[in-house]
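Asker: This is the structure alone, sequence omitted:
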C-alpha cells in the first residue's frame, strides 16, 4: 500500500482541526498570545513549514486506530487534535525544564518570548487540548466523551510522573536500567498508548480490542523511545533536527548510558569523572559500543517492536486503515534519524 | 448567623476531599512527587498549618452556592476540590513567572525544589483538578459533569489569557486603566465566578439562576482584586503574609498605580523615572493618596461590591447556606489585610 498517499487526507484534516482548536485564543481577541502557539505548532514565524510541525505521530496513530476499527476517522479529529496538543504542551514545558534553545530546528518558545510567557503558553496549550476533547460532543455520547477525557487525563498524570522521575534522575547518584522503564513509560509510552486506545474507543471497538490497541501503543512507544536513545548517541545528528549535541554531552540518562553504567567498565569510569566534552564524543561512543551498549539497546528495541506487532495482530485492524497502521508503525520504528 | 461555625464542616470535608484527590500521585508510588503538592497545599513541611493552606475561598463559595440552591453541599465536593486545585496550579506557576520566593509565609515550591520541578508540580496539580472534576460521576449525570468540565476549562483559558496580559503589561509602555479589566477579569474574577456558577449548576438551579450566581461571582472577584490592590499599597503588609514589599516596589500594574499614571501628576513623574526603592514607599504612597488614587480605588471596589450583592439578591440564595453566602462575601470584602 502507498502509506504516504493514504495519510495525506488525515494530515490535512488534522492541521485544519488543530487550527480550529487553537483559534479559541484568537477569538478572545489576544492575537499576540495566539501567535505564540501558532509559532510552536510550526505554522507561523521564521522557519515555519512541515519540518517545524513535527511528525504528528500521535494523532495519526489515533485516527488510523479509529479507522481500522471500521469507523470514519474524521469523527475522531477532536481527540486527535487533543493528543497532539498534549504532546506539544509537554514539549513547551520540557524545553524550559531542559534549558533547550532549539526544537525542530527553530528557537524554542521560551527563547523567543521568555520563560514566564513560555510556561503560560504551555498551560494554554494544555487547556486547549482539554477543550478539544470535549468537542467529541455531540458526535459521540456523553458517556464515551467522558471515558475519553478520563483516559487523556490519566495519561497526563503519567506524563507528569515520568517527567518528575526524569528530572529526579539528573541528580540521582546511581540510576539503574530498572529506573528507565517507569520514566519512559510515563514520558513517552503513555501518550502513544493513549492515542491508540482513544482511537479504538472512538472506533467503537469492544473493550478487549481497546486493550489490544493500548498494549500495541505501549510497546510501540517504548520501542520508539529506545531507538531515539540509540540515535541520540549513534544516529546522524544532522538529520534529527533536534540538537547538534549528543546525549553523551547533555548527560541524559538514556538507555545505552544506563547500560554502560551497569556494565561498570571504561565508559562508566569516564562518565563518573564529570561532564563529557563534545571533542570526546566520538571516542566515548565507540567505547560504549565496544562494551555492548549499542547491540543491547538495538536488541531491546527489537523486542519491544515484536511485542507491539504481536498486540497489533491481536487488535486485528481492518481494511486499508489497518494496512496503513502496520506500515506507519514500521516506518516509525525503522527511521535512522 | 455564626458563619465560622456554619462553614467548619465544609472546610473539614474539603481538606479531606483534596487529600483524596492528591493521593492519586501517592498511589502511583512516587511519594517524593506527592510531597511537593502536599507542601504547597499547606499540609506538610516547615510552616504547615492553616496559615499555609490559604483561605480556600473558591471551594467554599462553590459549596455554599450548591447548598443555597437547596442541594446537599457534599455532592459538590469533587468540583470544590477541582477549583481549589486550579487556583493552586496557577499560584505555583505564577510564583515562577514572578520570581517570587515567598507564598503564604513560606518558601515557594520552585525555591524548594527548583524551577523545572516547580513547573511540573503545577502541571500535575492542573491534571489532578481535571480528574477531580470527572469524579462528579456517578453522583451527577454525564451531561451535568460535561457541562461542569466545560465551564472549568473555559475558565482556565481565561486564566491563561489574563496571565498573558499581566505579563505583557510589564513591558508595555503606557498601560491604561482600561487594560486593567480584561487582565483582572481573567486572572481573578473568572475562577471566582466559575466557582459560583459550578455551585449553582450542581445545586440543579435553573439557567437563569446559574447566570445570576455567575454575575455575582464576577463582581465579587473584581471587588476582591481591587481591594487586594488597595491593600498592596496601603494595607498592613505584616498581616498579608504575602510579601514584605509594597506593590510600589514590585512594579505591579495595580489599579491605584494605573490611576496614578492616568493622573499624570507627581506620582507618574516619579514612576517613569525607574524602580521605586523600599525607602521611598511611604512618601510615594502618600503622594498617590493625595492624588486621589486611594479614594477612587475604594469607590470602585465599593461599586463592584454593590453589583455583586445585587446579583446575589437576584440569585436569591436559600436557607442557612444563603445567609452564610452573604456573610462569607461580606467577610471577604471587608478584610483589611
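Answerer: Noted; the coordinates are in hand. No experiment lies behind these values; they were computed from the predicted model shown.
Asker: Using just helix, strand and coil, how would you label residue A:302?
Answerer: Counting by DSSP: H, G, I helix; E, B strand; the rest coil, the backbone at residue A:302 sits in helix.
Asker: From chain B, how far off is it?
Answerer: 29 Å (CB to the nearest CB, to the nearest Å). Where C-beta positions appear, they are placed from N, C-alpha and C, glycine not excepted.
Asker: Give me the pLDDT value at that residue.
Answerer: For residue A:302, the pLDDT comes out at 96.
Asker: measure it to residue A:289 for me?
Answerer: 17 Å (CB to CB, to the nearest Å).
Asker: For the two, work out which one has more neighbours and name it.
Answerer: Taking other CB atoms under 10 Å in any protein chain shown, residue A:302 and residue A:289 do not tie; residue A:289 has more neighbours (17 against 14).
Asker: Report the contact partners of the more buried one.
Answerer: A:234, A:295 (CB atoms under 8 Å, 6 or more residues apart in numbering or on different chains).
Asker: where's it, which helix or strand?
Answerer: Using DSSP states H and E, residue A:289 sits in helix A:281-290.
Asker: and that helix, which residues are buried?
Answerer: For helix A:281-290, the buried set under the neighbour-count rule, 16 or more other CB atoms under 10 Å in any protein chain shown, comprises A:281, A:284-285, A:287-289.
Asker: And for stretch A:34-47?
Answerer: Neighbour counts using 16+ other CB under 10 Å place A:34-43 of stretch A:34-47 among the buried residues.
Asker: Could you tell me which of those belong to helices?
Answerer: Of the buried residues of stretch A:34-47, the ones assigned to helices by DSSP state H are A:34-40.
Asker: After the worst-scoring helix or strand of chain A on mean pLDDT, which helix or strand is next?
Answerer: In chain A, no helix or strand scores lower on mean pLDDT, DSSP states H and E than helix A:237-240, which sits at a mean of 48. Using DSSP H and E, the helix or strand that follows helix A:237-240 in sequence is helix A:247-250.
Asker: name the helices or strands packed onto that next one?
Answerer: Here helix A:247-250 touches helix A:207-234, helix A:281-290, going by 3 or more CB pairs under 8 Å, 6 or more residues apart in numbering or on different chains; DSSP states H and E.
Asker: where does chain A have low pLDDT?
Answerer: Chain A contains residues with pLDDT under 70 at A:28-29, A:236-245, A:335-337.
Asker: Now do the same contact list for residue A:320.
Answerer: A:1, A:6.
Asker: before we move on, back to that, quick one, which of the helices and strands packed on helix A:247-250 is packed in tightest?
Answerer: Ranked by mean neighbour count under mean count of other CB atoms under 10 Å in any protein chain shown, the helices and strands packed on helix A:247-250 are led by helix A:207-234, which reaches a mean of 22.
Asker: any idea how far residue A:255 is from chain B?
Answerer: Distance, residue A:255 to chain B, by CB to the nearest CB: 21 Å.
Asker: now swap in residue A:26 and tell me
Answerer: Distance, residue A:26 to chain B, by CB to the nearest CB: 11 Å.
Asker: Any idea how many residues pack against residue A:279?
Answerer: Other residues near residue A:279 come to 8 when the count uses other CB under 10 Å.
Asker: need the contact list for residue A:209.
Answerer: Residues counted as contacts of residue A:209 (CB under 8 Å, 6+ apart) are A:69, A:200, A:315-316.
Asker: just the buried members of those?
Answerer: By neighbour count, with 16+ other CB under 10 Å, the contacts of residue A:209 hold A:69, A:200, A:315 as buried.
Asker: Next, the contact list for the closest residue to residue A:118 other than its chain neighbours, please.
Answerer: Spatial nearest neighbour of residue A:118, chain neighbours left out: residue A:110 (3.0 Å); criterion: CB to CB, 6 or more residues apart in numbering or on different chains. Residue A:110 makes contact with A:92, A:95-96, A:117-119, according to CB under 8 Å, 6+ apart.
Asker: which two from those end up farthest apart in space?
Answerer: Largest separation among these by CB to CB: A:95 and A:117, giving 12.7 Å.
Asker: Distance from the helix or strand hosting the residue nearest to residue A:118 to the middle of the chain?
Answerer: Using DSSP H and E, residue A:110 sits within helix A:109-113. In terms of CA atoms, centre = their mean, to the nearest Å, the centre of helix A:109-113 is found 21 Å from the chain centre.
Asker: ditto for stretch A:117-135
Answerer: Distance, centroid of stretch A:117-135 to centroid of chain: 17 Å (CA atoms, centre = their mean).
Asker: on that earlier part again, most neighbours of all the contacts of residue A:110, which one?
Answerer: Result: residue A:119 is most packed of the contacts of residue A:110 (other CB under 10 Å), 29 neighbours.
Asker: Quickly find the element holding it.
Answerer: If you go by DSSP H and E, residue A:119 is part of helix A:115-134.
Asker: Show the subsequent helix or strand relative to that helix.
Answerer: Using DSSP H and E, the first helix or strand after helix A:115-134 is helix A:142-169.
Asker: could you say what helices and strands that following helix packs with?
Answerer: helix A:77-97, helix A:115-134, helix A:177-184, helix A:190-202, helix B:3-27, helix B:31-40, helix B:115-134, helix B:142-169.
Asker: Return the most buried member of the ones you listed.
Answerer: When the helices and strands packed on helix A:142-169 are compared using mean count of other CB under 10 Å, helix A:190-202 is most buried, at a mean of 29.
Asker: before we move on, back to that, among the buried residues of stretch A:34-47, which pair sits farthest apart?
Answerer: Greatest spacing in the buried residues of stretch A:34-47, by CB to CB: A:34 and A:42 (14.4 Å).
Asker: What residues of stretch A:327-337 count as buried?
Answerer: Within stretch A:327-337, the residues that count as buried by 16+ other CB under 10 Å are A:327-329, A:332-333.
Asker: Actually, stretch A:253-264.
Answerer: A:253-262.
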